[in-house]
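Student: What shape does this take:
(one chain, ligands or ions: 1)
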Amino acid sequence: MKTEQQHREEIVRFGKLLHQTGLVAATDGNLSVRLEDGNILCTPTLMSKGLLEPQDLVIVDQRGNKVSGARDVSSEVNMHVVIYRSRRDVGAVVHAHPPTATGYAAAGLALDRALCSEIIVTLGSVPLASYEPPGTPELAEALAPLVADHDAILMANHGVVTCGPDLITAYMNMETVEHFAKIALVTHLLGKQQPLSDQHVDKLREIRTKYRTQNHVVAQGKD
Ligand code: 13P
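Tutor: As a prediction, the model looks like this:
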């Protein structure tokens with residue numbers, strides 16, 4: 001179990017990584033973790049994720065109302081709240097604007113074709129939520145039906161949100177989405193896609209179920 005200070009340091013660390021790897025620019029993106037008491041530790045609005053200090057972070061309650069912190073919380077905290085509310089297994093949420101995946105979202109294309117075995121095992125598929133303005137309850141509503149079955153969702157004309165049992169997993173899911181988007185783009189450049197058969201996809205889904213169950217057990221410290 002991590003202390004609040006450790007969670008703060010981890011958000012700062014993964015914020016830097018998001019920025020350094022080009023998954024966000026300027027003040028894009030936001031990160032949060034669920035604390036032991038159910039409150040949410042979240043990045044503030046309008047700050048570079050590459051320049052955060054632990055004391056910049058804001059604590060909100062389960063509805064997104066500020067509990068403590070000198071700064072204003074991310075304008076997109078509703079998106080985080082809706083994910084925590086519907087997924088008890090989620091401990092962290094990351095939102096970013098990775099250029100290739102966001103390009104798909106801006107083209108109205110989901111990343112849901114069975115092109116890479118690894119993606120089916122790790123993320124399943126990456127659906128596209130309809131466009132709603134950033135930071136609005138309508139955007140949270142557009143995400144709500146997709147949250148139960150997906151750890152990564154494209155948001156039309158906006159960006160990507162990922163989640164996981166912990167921050168490193170939520171962050172890595174973001175890297176995976178962008179990497180897959182690049183691969184999918186190459187198939188477009190080559191003018192040919194060769195998706196896996198339904199039979200292969202079913203087998204990979206079985207592996208995914210096994211893998212997720214094992215990870216869940218490890219995350220809960222019961223292995
Ligand atoms: P915040 O700075 O309010 O978190 O918003 C960043 C962002 O990514 C907007 O889409």
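
Student: Please make it C-alpha for all contacts and neighbour counts, starting now.
Tutor: Will do.

Student: where does the spatially most central residue of the chain land in three-state SS?
Tutor: The C-alpha lying nearest the average C-alpha coordinate of the chain belongs to residue 162 (CA atoms, centre = their mean; 1.2 Å). Put simply, residue 162 is strand when judged by DSSP: H, G, I helix; E, B strand; the rest coil.

Student: Quick check: nearest residue in space to residue 83, chain neighbours excluded?
Tutor: residue 147 (6.3 Å; CA to CA, 6 or more residues apart in numbering).

Student: got it, and residue 122?
Tutor: residue 208 is the one closest to residue 122 (CA to CA, 6+ apart), at 6.6 Å.

Student: Am I right that that neighbour is in contact with residue 117?
Tutor: No: counting by CA atoms under 8 Å, residue 208 does not reach residue 117; the two are 10.3 Å apart.

Student: quick one, which of the two is more surrounded?
Tutor: The neighbour comparison of residue 208 against residue 117 (other CA atoms under 10 Å) goes to residue 208, with 19 against 16.

Student: Okay, helices next: where are they in the protein?
Tutor: With helices called from DSSP state H, the chain shows them at 4-20, 77-86, 99-106, 117-122, 137-147, 167-190, 198-219.

Student: Now the helix or strand bottoming out on mean pLDDT in the chain: buried residues?
Tutor: Every helix and strand of the chain was ranked by mean pLDDT, DSSP states H and E. The lowest is helix 198-219, at a mean of 83. For helix 198-219, the neighbour count (16 or more other CA atoms under 10 Å) marks 201, 204-205, 208 as buried.
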